[in-house]
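Enquirer: Could you look at this predicted model? Sequence included:
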Amino acid sequence: MLIGTNVDPTRHQNRQKPPIANGVVGIAIFVVTEVMFFASLISAYLVLRSGAEEWPPWGQPRLPVAATAFNTVVLLLSGLVLFKAYQQFLKPDRVSVSRKMLGLSILLGLFFVLFQGYEWIQLLQFGLTMTSSNYGGLFYLIIGTHAVHVVAALFFLLHTYSMLAPSRIPQLASTEFVVSQIFWYFVVGVWPILYFLIYLV
Amino acid sequence: MKMMKSIAVVLAFTGFFPSLSLGCSVCFVGKEATMAAYYGTAIVLSLLPLAMVGALAYWVFRRYQQHDSVSAGEYLENNESAYPKQQSAPTQ
């Protein structure tokens, strides 16, 4: 008989399955630290920029605003496709569709990185290097840091993609999917801010 | 006593030599725009972690609260016999 006892019968059940997966809490904390990291880089950029007489400095090439706008759209599209992929994943018997959409999202992310690499080669040829000016140093530091994050997030997504293979049990990839999603949304979400501050303003 | 001495030394330094406590050359050197950028970003960098950690903690708390209430409700539905409904007092 449970009546009259001090034992809460639901307590044990709650402990067996936590309401939030440990991986999700972990990536959320990681994203908080990453936001602070990028905020500090942006802070340094704004302080140095505000102290400069001319920005971009004389003799330094201008950044490719239009081409990067196109690349920004590609990255945002990648985030949207990933969102749709997860919606498909939640529906029964739609894992294969979800996997294909996830693959498309990865390809779009890969395109973003490769396109950015091509831009960098062009900029280096035009004389914008890490040591050419504060402008060049900050540009490669901030945009390069973001690119590293994009590559890392792509590895997360690839891992999830492999877990959704027909030979494996896709239901087990639920937490991995959410974790890689959060990281990718962070990477996608921070980019328009960087684009606005560094390319447009 | 040792602590009092430490406090006295710190007070002496901050009181008699206030300029020494300025750690950043940007704060009071440079243009108006630089100072504005410095203060603006300092405020953002100070408040942002508090906001994010607070939001995260609140989200975790809410999820646990919802989970507990759902679990308790499910348990009561499945074990009605363990918690019989109270009957109203007989009327005369």
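Expert: Arrived safely, thanks for sending.
Enquirer: helix or strand for A:Pro19, which one?
Expert: Using DSSP states H and E, A:Pro19 sits within no helix or strand.
Enquirer: interface residues of chain B facing chain A?
Expert: B:26, B:30-31, B:33-34, B:36-38, B:40-42, B:44-45, B:48-49, B:52-53, B:56, B:59-60, B:63-64, B:66-68, B:71-72, B:75, B:79, B:82-83 (Cβ under 8 Å from any Cβ of the partner chain). (C-beta placed from N, C-alpha, C; glycine too.)
Enquirer: Please report phi then psi for B:Ala42.
Expert: phi -60, psi -40 (degrees, to the nearest 10).
Enquirer: what residues are up against the closest residue in space to it that isn't next to it in sequence?
Expert: Leaving aside its chain neighbours, B:Ala42 sits nearest to A:Ser43 (7.8 Å; criterion: Cβ to Cβ, 6 or more residues apart in numbering or on different chains). Taking Cβ atoms under 8 Å, 6 or more residues apart in numbering or on different chains as the contact definition, A:Ser43 lies against B:Thr41, B:Ala42, B:Val44, B:Leu45.
Enquirer: Okay, and A:Ser43 sits in which element?
Expert: helix A:22-51.
Enquirer: Can you list the buried residues in the helix or strand following that helix?
Expert: Where DSSP H and E defines the elements, the next helix or strand beyond helix A:22-51 is helix A:65-90. Judged by neighbour count (16 or more other Cβ atoms under 10 Å in any protein chain shown), helix A:65-90 contains these buried residues: A:68, A:71-72, A:75-79, A:81-82, A:84-86, A:88-89.
Enquirer: cool, stretch A:164-174 as well?
Expert: Under the neighbour-count criterion of 16+ other Cβ under 10 Å, stretch A:164-174 has A:Leu164, A:Pro170, A:Ala173, A:Ser174 buried.
Enquirer: Before we move on, what's the pLDDT of the closest residue to B:Ala33 other than its chain neighbours?
Expert: In space, and not counting its chain neighbours, B:Ala33 is closest to A:Ser50: 4.1 Å by Cβ to Cβ, 6+ apart. Looking at A:Ser50, its pLDDT stands at 87.
Enquirer: Same check on A:Thr175?
Expert: We have a pLDDT of 89 for A:Thr175.
Enquirer: Tell me who's in contact with A:Val25.
Expert: Going by Cβ under 8 Å, 6+ apart, A:Val25 touches B:Val60.
Enquirer: gap between it and A:Pro18?
Expert: Distance of A:Val25 to A:Pro18, computed by Cβ to Cβ, to the nearest Å: 9 Å.
Enquirer: ok, now A:Val113?
Expert: 35 Å.
Enquirer: Between those two, tell me which one has more neighbours.
Expert: A side-by-side neighbour count of A:Val113 and A:Pro18, using other Cβ atoms under 10 Å in any protein chain shown, places A:Val113 first with 17 against 14.
Enquirer: now that one: how far from chain B?
Expert: Separation of A:Val113 from chain B (Cβ to the nearest Cβ, to the nearest Å): 27 Å.
Enquirer: mind listing what that residue touches?
Expert: Contacts of A:Val113 (Cβ under 8 Å, 6+ apart): A:Ala147, A:Val150, A:Val151, A:Leu154.
Enquirer: Quick one, which of these are buried?
Expert: By neighbour count, with 16+ other Cβ under 10 Å, these hold A:Ala147, A:Val150, A:Leu154 as buried.
Enquirer: What pLDDT is listed against the second one?
Expert: The predicted local confidence for A:Val150 comes out at a pLDDT of 97.
Enquirer: Checking the residue nearest to A:Asn71 when sequence neighbours are not counted next. Helix, strand or coil?
Expert: The shortest distance from A:Asn71 to any non-neighbouring residue, by Cβ to Cβ, 6+ apart, is to A:Phe115 (5.0 Å). What DSSP: H, G, I helix; E, B strand; the rest coil gives for A:Phe115 is helix.
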